[in-house]
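Participant: give the three-dimensional model of this entry:
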Amino acid sequence: MKKLSARLLPVLGFLFLTAYIRSATLDVVYTDYIRLINSYLPNVFSFKPYLQPDILTRTPVCYIERILNVLLFRYSTTADMMLGAAGLTVSALIIGSYALKKNLSAAVTFAVMLIIFSLDKWEMITNGTGWVHFWAFACFYYHFLVYDRVREGRGKKGDELKLCLIPVVTVLFISGSYCPVYVGSLALVYLLDYLKQYNRTQTLKTFIRDETFIIIPFILYLISYMMSSKEYAGATSDSFMTVMTSDPLLGFKMIFKSFGSMVIGGETAAEWGIPGALVCLFGLIVILGYAYAIYLNFKSGLYKESAFPMLLILSGLISHGIVFVTRWIFKSDDYMMSSRYALQFQSGILGILLTFVMTDRKYIIKPLAAAFIVLILAGHLCTTGREIRIAKYRKENFENMYKVAQNYRNENDETLKKVLQYHDPLKTRDALKILEENDWNVFRKQ
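Facilitator: All right, here's what the predicted structure looks like:
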């Protein structure tokens, strides 16, 4: 039953996402696709647009995927969405494999899968440009898994080489802006393992090697990032201190609500009229869950036996920190509750859940841990239930986008901006013209 759960549930999760994509979307470009089309599709085979100082921020793996999408599907956003769903499924298989290795119950595996396949990530799922982010986290989790078994002295043939190659490939070609989460988590665990000698195979030589193979690619990414130009529509030009002193509670509310979004999705909270104070309370509970899970990892000795839950916890914490540092400029205490951040925040929740169920009973306050898990699962189910209910309305919105995109020559600028969700109607027209001239996407002949 345990093996069946670890293998079958991810497949069922993929089928669930497939059904959701079919019921909530259509194959039409909008928002970030407009920028990508103008940048890369005039000649999809040319690597020239990537040959810029900020090449690593352009996620080079997308070059190959974009060519295949054009050749096989005549530029299909649905194909991108399905690729994202496949990436999330790979993450689920990796964590399912870990649960199987640790002999966790089928009920625990089921709870983990509920979180992974929750539709709190609807915005990432329905915007195909995010497909690569799902694969980035699959790479993160796979590296965590490989390191964990090497650390336990149960490494397989080739694992040492994987620990060198995975971060290079992931940081330089796949992870993009998510690499600080990945690198930060590993760097901290590598250092702690070396100082405490928790890693049964780690010497000074292997420690330096492991840190080198994550830090050097990260430095290259940072150099590339500093060369990039950044545009943030709606962002303030005021300094951090100016913003925070003008509204002293803004930072606290942003942080607490971001943690609270792991209980209830932002749109669900708004529709149900859940007050901000209650969402902040949820956030406080999640923060306490993080603190208690970290305490348990060390107090019970779980971390000494397995670093996987801690790596997930650190990934979640670093994600919250990075999103706050980069998104306070929007001066909205609800901004960090956006569905687009649920993918990266969920890592921490998964780490907390695994910690609670794997910790020796004498160290854990079982009723509180159980209540925490029930709260998280109930919130995810509520958010997912709402998304299933309103899928038909999302599809109606896609149908409108489809019509406007096909009729772009006759639509006014305001309609293009509002419906296709891109701030520059001239660039929107340019992108749609490229598609029309090539019979791609909404202009694809049936």
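Participant: so what does the helix or strand hosting Leu145 touch, helix or strand wise?
Facilitator: Counting by DSSP states H and E, the element that carries Leu145 is helix 131-151. Helix 131-151 makes packing contacts with helix 61-73, helix 77-101, helix 159-169, helix 179-196, helix 308-327, helix 342-358 when contacts are defined by 3 or more CB pairs under 8 Å, 6 or more residues apart in numbering; DSSP states H and E. Bear in mind the C-beta positions are built from the backbone N, C-alpha and C, glycine included.
Participant: can you do 7 Å?
Facilitator: Contact analysis of helix 131-151 by 3 or more CB pairs under 7 Å, 6 or more residues apart in numbering; DSSP states H and E lists helix 77-101, helix 159-169, helix 308-327, helix 342-358 as its packing neighbours.
Participant: next one: Pro42 from Phe443, what distance?
Facilitator: Separation of Pro42 from Phe443 (CB to CB, to the nearest Å) stands at 16 Å.
Participant: more crowded one of the two?
Facilitator: Set Pro42 next to Phe443 and count neighbours by other CB atoms under 10 Å: Phe443 wins out with 17 against 13.
Participant: just checking, the more buried one touches Lys433?
Facilitator: No: counting by CB atoms under 7 Å, Phe443 stays clear of Lys433, with 9.8 Å between them.
Participant: picking that back up, most packed of the helices and strands packed on helix 131-151?
Facilitator: Taking mean count of other CB atoms under 10 Å as the contact definition, the stretch among the helices and strands packed on helix 131-151 with the greatest mean neighbour count is helix 342-358, which reaches a mean of 25.
Participant: so for the closest residue to Asp27 other than its chain neighbours, what's the pLDDT?
Facilitator: In this structure, Asp27 finds its nearest non-sequential neighbour in Thr78, 4.4 Å apart by CB to CB, 6 or more residues apart in numbering. At Thr78, the predicted lDDT confidence score is 98.
Participant: who's in contact with Thr78?
Facilitator: Ile21, Thr25, Asp27 (CB atoms under 7 Å, 6 or more residues apart in numbering).
Participant: number of nearby residues for the first one?
Facilitator: One way to gauge burial is a neighbour count; for Ile21, by other CB under 10 Å, it gives 19.
Participant: SS state for the closest residue to Ile274 other than its chain neighbours?
Facilitator: By the measure of CB to CB, 6+ apart, the closest residue to Ile274 outside its immediate chain neighbours is Ile264, 6.5 Å from it. Taken by DSSP: H, G, I helix; E, B strand; the rest coil, the conformation at Ile264 corresponds to coil.
Participant: next, Ile264: phi, psi?
Facilitator: phi -140, psi 130 (degrees, to the nearest 10).
Participant: distance of it relative to Tyr178?
Facilitator: When CB to CB is the yardstick, Ile264 and Tyr178 sit 24 Å from each other.
Participant: equivalent analysis for Cys280, please.
Facilitator: For Cys280, the distance to Tyr178 under the criterion CB to CB works out to 26 Å.
Participant: of these two, who's got more company?
Facilitator: More neighbours surround Tyr178 than the other of Cys280 and Tyr178, with 23 against 19 (other CB under 10 Å).
Participant: residues in contact with that one?
Facilitator: If you count contacts by CB under 7 Å, 6+ apart, Tyr178 has them with His133, Ala136, Gln344.
Participant: how about 6 Å then?
Facilitator: Contacts here follow CB atoms under 6 Å, 6 or more residues apart in numbering; on that basis Tyr178 touches Ala136.
Participant: and Gly385, helix, strand or coil?
Facilitator: Of the three states, Gly385 takes helix under three-state DSSP.
Participant: tell me the pLDDT at it?
Facilitator: At Gly385 the predicted local distance difference test score is 96.
Participant: which residue packs closest to Ile349, ignoring adjacent ones?
Facilitator: Spatial nearest neighbour of Ile349, chain neighbours left out: Met262 (5.3 Å); criterion: CB to CB, 6+ apart.
Participant: backbone dihedrals for the one you found, please?
Facilitator: The phi/psi pair for Met262 (degrees, to the nearest 10) reads phi -80, psi -10.
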